[in-house]
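Novice: Predicted model follows, preceded by the sequence.
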Amino acid sequence: MGKNQGCFWGCLHYMFDYQTQKTLVIPNLGVGAFFRFSQLLVILYVVGYVCVVQKAYQEKDSVISSVTTKVKGFAFTNTSDMDPRIWDVADYVIPSQGDDSFFVLTNMVITPLQTQSRCPEFPDPSSTCVDDGDCIEGYNNPRGNGVRTGLCENYSTTAQTCQVRSWCPLEEDTELPEHALLAAAENFTVLIKNTITYPKFNFHRRNILSHINSSYLAGCEFNRATDPDCPIFRLKHIVSEAGEEFQDMAVKGGVLGVIIDWSCDLDWWAGKCFPKYSFRRLDSKHPVHNVAPGYNFRFAKYYKDQNGTEIRSLIKAYGIRFDVIVFGTAGKFGIIPTIVNLGAALSILRLLPMVSDWFMLTFTRKRDIYSKCKVTHLNEDAVTEAVSMGTSYGTQ
């Protein structure tokens, strides 16, 4: 019975004995230096990284953006395939009204005077034939150029292919001009108008900054060193800053990114919110895996002859597509993130005495002495008796 009672009181003391902090001054320079160095590291982390670099005391918001573009320039061509011609913005910018991307025509393969008629398919293993029985009427080969009529006819003196109903003559796009027809496109310019907003802070701004007026805009051109605020860019300079050569890229086309960074600090003591421009090629340019390189598509121009027959000129257009990519995050002082991060910093500082105790009780030579002084169990009866003896009075 006594054993059970002792166990009960032992568990009771274990659960309900109160532990309070006791200040113990350790005259050890090593332990003290470790503790102060740990505090210094935490303060440097909180001030230097959390506050200065990450600006964790700020509320954040993501940018909402709209973009419009306007290209200007002229080009002149005079080749054996077409008459001398002046190309303006209505000819080489497709579509004519660009939003966050625009396409500039630089090279092309033209198939003129096509009409709805019948003609032999190009020779390949699926279209060659010996007689009409090899050509199924109404068959539509997705990789072909039309619907088969069921007839086999001479493509040349050495080959026979199935006849198709299509726009004839068929397009031959195997011979692309080695040099871009619209090589002068490198001197075209584009005006990029970008408006951004941070709705949480009710903040609005344009990339046409407040000091830019009409006379300045009429004569400026973006230059990273001398005129970084001008929103008018020469296409050659865009391609060059992306690490490419315009005339090489213009032959088969490609995709370029005009990247506008609106990372803003909206605190009144900072007031920094200006666009930062960078340029990068977005499509793949692998030196080995270069199947189907560049960027191209087809469109046609339709008209009718004197007899009312519909005729079209098919154009396989090669060129450079410019994608305007806008991103950014704004920050502004907020009381809630400030309190949260301040509390996190104080919590880390609160843990340092525990780390220092562990260091003291593990690596110091006098760790046994420190351990005995660190934890003291109070014996109330002994203390009461000692106090009573020390304060008693009597006569000899």
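Specialist: Ah, there it is.
Novice: Which strand in this structure has the most residues?
Specialist: Looking across the chain with DSSP state E, the single longest strand is strand 101-120.
Novice: Strand partners (parallel or antiparallel) of it?
Specialist: Based on DSSP bridges, the pairing partners of strand 101-120 within the sheet are strand 93-94 (antiparallel), strand 160-168 (antiparallel), strand 310-327 (antiparallel).
Novice: Which of those has the lowest mean pLDDT?
Specialist: Mean pLDDT is lowest for strand 93-94 among those, at a mean of 78.
Novice: which stretches of this structure have low pLDDT?
Specialist: 1-6, 13-14, 18-22, 80-81, 96-99, 270, 286-289, 375-396 (pLDDT under 70).
Novice: can you pull out the helices in it?
Specialist: 2-16, 29-44, 89-92, 214-219, 235-241, 246-252, 335-363, 367-374, 380-390 (DSSP state H).
Novice: For residue 170, which of the ones you listed is the nearest?
Specialist: helix 246-252 (21.6 Å; Cβ to Cβ). From N, CA and C alone the C-beta is placed, and that goes for glycine too.
Novice: Give me the helices and strands touching that closest one, please.
Specialist: In terms of contacts (3 or more Cβ pairs under 8 Å, 6 or more residues apart in numbering; DSSP states H and E), helix 246-252 is packed against strand 101-120, helix 235-241, strand 310-327.
Novice: repeat that for 10 Å
Specialist: Counting contacts by 3 or more Cβ pairs under 10 Å, 6 or more residues apart in numbering; DSSP states H and E, helix 246-252 is packed against strand 101-120, helix 235-241, strand 254-261, strand 310-327.
Novice: contact partners of that helix?
Specialist: The contact list for helix 246-252 (Cβ atoms under 10 Å, 6 or more residues apart in numbering) reads 104-107, 176-183, 185-187, 234-240, 242, 244, 254-256, 281, 283, 285, 290, 292-296, 318-320.
Novice: related to what we said a few turns ago, would you list the helices of the chain in JSON lines and tack on distance to residue 157 and mean neighbour count?
Specialist: Shown next, in JSON lines, are these (distance: least, Cβ to Cβ, whole Å; neighbours: other Cβ atoms under 10 Å):
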{"stretch": "helix 2-16", "distance to residue 157": "106", "mean neighbour count": "9"}
{"stretch": "helix 29-44", "distance to residue 157": "85", "mean neighbour count": "14"}
{"stretch": "helix 89-92", "distance to residue 157": "39", "mean neighbour count": "14"}
{"stretch": "helix 214-219", "distance to residue 157": "62", "mean neighbour count": "9"}
{"stretch": "helix 235-241", "distance to residue 157": "46", "mean neighbour count": "19"}
{"stretch": "helix 246-252", "distance to residue 157": "33", "mean neighbour count": "20"}
{"stretch": "helix 335-363", "distance to residue 157": "81", "mean neighbour count": "13"}
{"stretch": "helix 367-374", "distance to residue 157": "102", "mean neighbour count": "12"}
{"stretch": "helix 380-390", "distance to residue 157": "121", "mean neighbour count": "9"}
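Novice: Can you say which of these is nearest to residue 168?
Specialist: Nearest to residue 168, of all the helices of the chain, is helix 89-92, at 25.5 Å by Cβ to Cβ.
Novice: All good on my end, thank you.
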